[in-house]
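Participant: For reference, the sequence and a predicted model appear below.
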Amino acid sequence: MSEQLRRVFARPLPWLLIYGALMAYGIYAWLHIPVEVLPRFNYPQISVITHDAGATAEELETRITRPIEGQILALPNLVTVRSTMGHGSVQTNVRFTRGSNAQQDLQAVNSAIDRARGDLPAAAQPYAEIMGNAINEVADYTAHIPAGVAPVAVQRAVQATIEPALRALPGVQRVEVYGSGDEALWVQPDLAALHRYGVPVTAITSALKQHVLLRSGGFIHQGHQHVLIEARSLPTKASDLAQIPVPSRSGLIALHDLARLVRAPVPTQNAVQLDGRASIAVTVFKQPGASTLPVTRAVQAALKQTQNQLPKGVHWVRTYSQGHLVQLIGSDLGRNLLIGALLAVGVLFWVLGAGRGIWALALSIPMSILLGIAGLYAFGESLNLMTLGALSVAVGLLADDAIIVLEAIYHRWEAGDERWPGIRRGLADIVSPDVSGSLTTVSVFVPLLFVGGLAGLFFIPFALAMTLAILASLFISLTLIPLGLGFMRARPRARPTAGARALDRLRGRNERLFGVVLRYPRWSLSLCVALLLASVAGLALVSVNFLPLPNEGVMLASFTLPPGTALEQTESTVDRLTQKLRADPAVAHTFARIGSASATAYTEPAYAGEIQIVLKPGIGVNSLNRIGQRLLQEGRTTGVQMAIGTPTLERLGESLSGLPQPFVIRLFGHDINTLRTLSEKIAGRLRHVSALTDIFNNDGYPITQLQLLPKQAAMAVYGLTPAGLYQQIDPLLAGDVVARVPQGNVPVDLYVRLAQAPDLSLPALRQLPIHTRGWTTLGQLAQLKLVNTPNQLRHIDGARALDIYATPVGSLGGAIADAKQAIHGLHLPPGYRMGFGGLYPELIHTAIGIGIAAIAAFVLMVGILIIQFDGLLAPGLLLLQIPLAFTGGAIALTLSGVGLNATGLVAFLALVGLSLNHGIVLLFRVRRNEAEGLPVEDAVREAVHVRFRPIVLTTLTAVLGMLPTALGWGQGAAPEQGLAIVILGGMIWSALLTTNLIPALYLARRQKQSSGH
């Protein structure tokens, strides 16, 4: 049976079918794999946003936070529940145990919210999502509204027809429309008329509720038809309300005699401006895992098709599109991958000639990439900055195994072996070190696949892409190359090419260098160690960025005014600020979002928000920092805190906002004022700790609040209860939606509120007439008291808390130790406690996870090397090569002037495995030579001579494959430039070590062993 199988697989047809199927699946995966900017977040943390405009922190705590937390805290596998409440919104972050399924966690949280809905205010609509959904914001459009067109009319048109069309698009998760309050039939009570007719405001709300009706009235038979009866009273115009009768002591009074009736938007604590004019914004979120570019193109097409449904003169301005960034990254990196692959193939033809076998070698690069993409697709991954970064590294390395196999076979042919016997013997010579080298490289990345927490969000996609690409390359090198050489009847060139002659000359120079290193192995090692230390020190000169991105066409400025600043003042300040920004020659448009609409997942108060600065076309990526600094300087305004970045980094920050800060002191207790007083004392002590800076006591920041405290004696005299008093105050001051009237796709609210409510002074409020047995002023029934209250409240696992933030200057552990000493002896009242929270436990868990992964990788590498080699000498030298290989990457990065970032750090990690492959192949040849009886020095020199060409070839292909990205060709290559530079420098230096220092140290040690010392 085995002989029959051997004969079957010795024919080309079975292999053509196998590779045809693999390539077909690879092409299918390439066409269907999602393309995104960042890896998909699947962290087991759920964020719940709930809006209740105008509610104070204590009111939010009682009416929203406690009901929701009461249900969530009963869920299994919880780690912590953290809630922040203030400024009319509540954000609750629910973290589950590591390894938990985020989708199932989301379902559990939504079920808990459903159980709590009966205890929530009618206007509160909690929205839960997996942490990280902010990075799925893929498109922002803002309406340019000409003078004479009301923004509320535009918003209603968008909500009625355009929003449903966008929601129906494939890949769209959520659509947010905001900027104006919802359109309403606004009943504005006339206080003088109410007083004159003796009508309380509650009579108006009651009358309105009685005149809105939409109910079933049964059915009748009309001939052969079954006809339903509908009772309907649905006022949709202000004139429909005018004659509604309101009871009074003297009879029924028409509503228009008691109030002004208008159709207008409900007042909000948020606003949207496009180039300084009030506007309407549309924000689109894609489904996690959906490909970005098709979604953004579909959104743009849908808005264009529905343009005629907007009021005349209104048109859309695109203020952000993640598709632009994805297309930029994909096109530039794709082009660089293609150019790199062509350069790598070109050098192979230059050195090895255009023989038949070289075509099989050239095919190995695209085939390995296709198989790698197919593997990513099968594992549910996307093409993003991390996986594309891995493929950028891999494009130059994928020919590595194939070159080694091809060279081994060519060496056998050159020694006189026939075609198939030479293939079998060459493959036998190289298969063991080739497999060991690839598995050693893979062993670095496999443990990272099991790293959880934040590190796993970025490490896992990169490690998976590298692992799949390397294994694909190994499979192709051991099958396609030998079979292709055999079936295509390839032979080595009789006469060397120009490239081969150049390599021979380079080999001669390297052998002279090897002779020098051989005479002074210790001095050579000392020099390499000194270079390593110097290169690491040189990294201090390298700028550090988290994730540099190409020009997205937009910059994002976040702003914050002093807490408590009124919306009107914020709008005025932002208008002045955007005027300055639009004066810059690089700026095309400004889009300002102030506060947070209840239909969105934003939680900023009315004194904060963000400005999207749309840049003019043609701005280069290298100009972004300069433009950002200039805009920051131009937008500088007294009393405004402002920071400028890119949208993707801002979205990433929003995605991680549910995570704890680096340093936090958490204060627990029951009384708000006592918590605020204690937090001020703690913050005062921390300011004397040199290891901490930027002490931020935001939770304890006092804001002014007006409290209405009923006078019980006066209330008893007039037979009024606090609830009865509130029933009259609420529709006058807070506003009350008494009913919703269906009108097309968008209902119209019946809204009651004094038109001048926000502008009433404290004396005017005291004179507000309240209907009792007659009329009594509010000041007679309640005390109006201005008090200071904390800016916001927090709950940690259901307990009240305030957080005090700081930035550690040195190590986090040292800062915590100094902080403990500073607050030692602080007296806390009974029932109050404090502790350290923040990112410290998270960093410990992440460090432990990475540490375990590093130990596992080290154990795997050592195990593979020990299995491959007898004794510990060869494995020890190969492990020594790992830190030394960092030298090349660090020097290349320092000299390039490119900053160090997350992808660059991953590149240093990748060098651990990539630096070993050549050394394994060379030392395996040395040991085999020794086993065949060669003296140790001859064995080493022969291995260096024979393996020099494949080592240089693989290094050249790796360098040329990554060269376009390392040079930063195209703005989309910017995020991967540091990664390519580090790998490029590390590979060159590693090749020098492999062909000089490592064999010299091996020979010196073996000679010492032979002499008996």
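Facilitator: Great, that's in hand. Residues are numbered from 1 along each chain as shown.
Participant: Just to check, D584 is in contact with Q633?
Facilitator: No: applying Cβ atoms under 8 Å as the test, D584 and Q633 come out as separate, 10.2 Å apart. For glycine as for every other residue, the C-beta is placed from the backbone atoms N, C-alpha and C.
Participant: Between the two, which has more neighbouring residues?
Facilitator: It is D584, of D584 and Q633, that has more neighbours when counted by other Cβ atoms under 10 Å, with 17 against 9.
Participant: can I assume that one sits in a strand?
Facilitator: No: under DSSP: H, G, I helix; E, B strand; the rest coil, D584 falls outside any strand and is assigned coil.
Participant: distance of it from T648?
Facilitator: 22 Å (Cβ to Cβ, to the nearest Å).
Participant: now do G340
Facilitator: 25 Å.
Participant: When the two are compared, which one has more neighbours?
Facilitator: G340 (27 against 24).
Participant: Kindly confirm my reading that that one forms part of a strand.
Facilitator: No: read with three-state DSSP, G340 is helix and lies in no strand.
Participant: wait, it sits on G961?
Facilitator: Yes: applying Cβ under 8 Å, one finds G340 in contact with G961, separated by 3.9 Å.
Participant: isn't E381 right up against T467?
Facilitator: No: when contacts are counted by Cβ under 8 Å, E381 is not listed as touching T467 (11.5 Å).
Participant: Tell me the residues that contact both of the two, please.
Facilitator: Common contact partners of E381 and T467 (Cβ atoms under 8 Å, 6 or more residues apart in numbering): none.
Participant: now the strands: where do they sit in the stretch 551-700 of the chain?
Facilitator: 554-560, 587-594, 608-615, 641-645, 663-668, 692-696 (DSSP state E, counting those that start in this stretch).
Participant: Quick one: these as TSV, columns for distance to T202, mean pLDDT and mean neighbour count too.
Facilitator: Below are the strands of the stretch 551-700 of the chain laid out as TSV (distance: least, Cβ to Cβ, whole Å; pLDDT from 0 to 100; neighbours: other Cβ atoms under 10 Å):
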stretch	distance to T202	mean pLDDT	mean neighbour count
strand 554-560	40	84	21
strand 587-594	34	91	23
strand 608-615	36	88	22
strand 641-645	44	77	16
strand 663-668	41	83	22
strand 692-696	45	74	16
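Participant: want to try TSV for these, with distance to I866 as columns?
Facilitator: Converted to TSV, the strands of the stretch 551-700 of the chain look like this (distance: least, Cβ to Cβ, whole Å):
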stretch	distance to I866
strand 554-560	53
strand 587-594	60
strand 608-615	56
strand 641-645	49
strand 663-668	44
strand 692-696	48
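Participant: With respect to D401, which of these lies nearest?
Facilitator: strand 641-645 (41.7 Å; Cβ to Cβ).
Participant: Show me the residue at the heart of this structure, geometrically.
Facilitator: Centroid-nearest residue in the chain, with Cα atoms, centre = their mean: L652, separated by 3.6 Å.
Participant: so what's the backbone phi/psi at the nearest residue to Y43 once chain neighbours are set aside?
Facilitator: Using Cβ to Cβ, 6 or more residues apart in numbering and skipping the chain neighbours, the partner closest in space to Y43 is M131 (5.3 Å). M131 adopts backbone torsions of phi -50, psi 140, taken as degrees, to the nearest 10.
Participant: and M131, how many neighbours does it have?
Facilitator: 22.
Participant: surely it meets N93?
Facilitator: Yes: contact criterion Cβ under 8 Å: M131 and N93 qualify, at 7.3 Å.
Participant: what's the neighbour count on R626?
Facilitator: Around R626 there are 10 residues (other Cβ under 10 Å).
Participant: Can you give me the pLDDT of it?
Facilitator: As predicted, R626 sits at a pLDDT of 70.
Participant: roughly how far apart are it and I644?
Facilitator: From R626 to I644 the distance is 12 Å (Cβ to Cβ).
Participant: now swap in H256 and tell me
Facilitator: For H256, the distance to I644 - Cβ to Cβ - is 52 Å.
Participant: go on, I145?
Facilitator: Taking Cβ to Cβ, one finds I145 at 27 Å from I644.
Participant: Next: A123.
Facilitator: From A123 to I644 the distance is 35 Å (Cβ to Cβ).
Participant: mind listing the helices for the stretch 901-1013 of the chain?
Facilitator: Along the stretch 901-1013 of the chain, counting by DSSP state H, counting those that start in this stretch, helices occupy 902-914, 917-931, 936-966, 974-992, 998-1010.
Participant: how about the third one: buried residues?
Facilitator: When burial is assessed from 16 or more other Cβ atoms under 10 Å, helix 936-966 yields the following buried residues: 936, 939-941, 943-945, 947-966.
Participant: Equivalent analysis for the last one, please.
Facilitator: Of the residues in helix 998-1010, those buried by neighbour count under the rule 16+ other Cβ under 10 Å are I998, P999, A1000, L1001, Y1002, L1003, A1004, R1005, R1006.
Participant: right, and the pair among these with maximum separation?
Facilitator: Longest span within those, Cβ to Cβ: I998 and R1006, 12.5 Å.
Participant: which residues touch D504?
Facilitator: Going by Cβ under 8 Å, 6+ apart, D504 touches P496.
Participant: Quick check: which element contains it?
Facilitator: Using DSSP states H and E, D504 sits within helix 498-519.
Participant: C-terminal to that helix, what's the next element?
Facilitator: That would be, after helix 498-519 and using DSSP H and E, helix 521-538.
Participant: Next, L261: phi, psi?
Facilitator: phi -120, psi 120.
Participant: Next, the contact list for it, please.
Facilitator: Here L261 is in contact with L185, W186, V187, Q188, A238, S239, L241, A242, L255 (criterion: Cβ under 8 Å, 6+ apart).
Participant: Which of these fall within strands?
Facilitator: The members of the contacts of L261 that map onto strands under DSSP state E are L185, W186, V187, Q188.
Participant: Could you tell me how many residues sit around D730?
Facilitator: Residues near D730, counting by other Cβ under 10 Å: 16.
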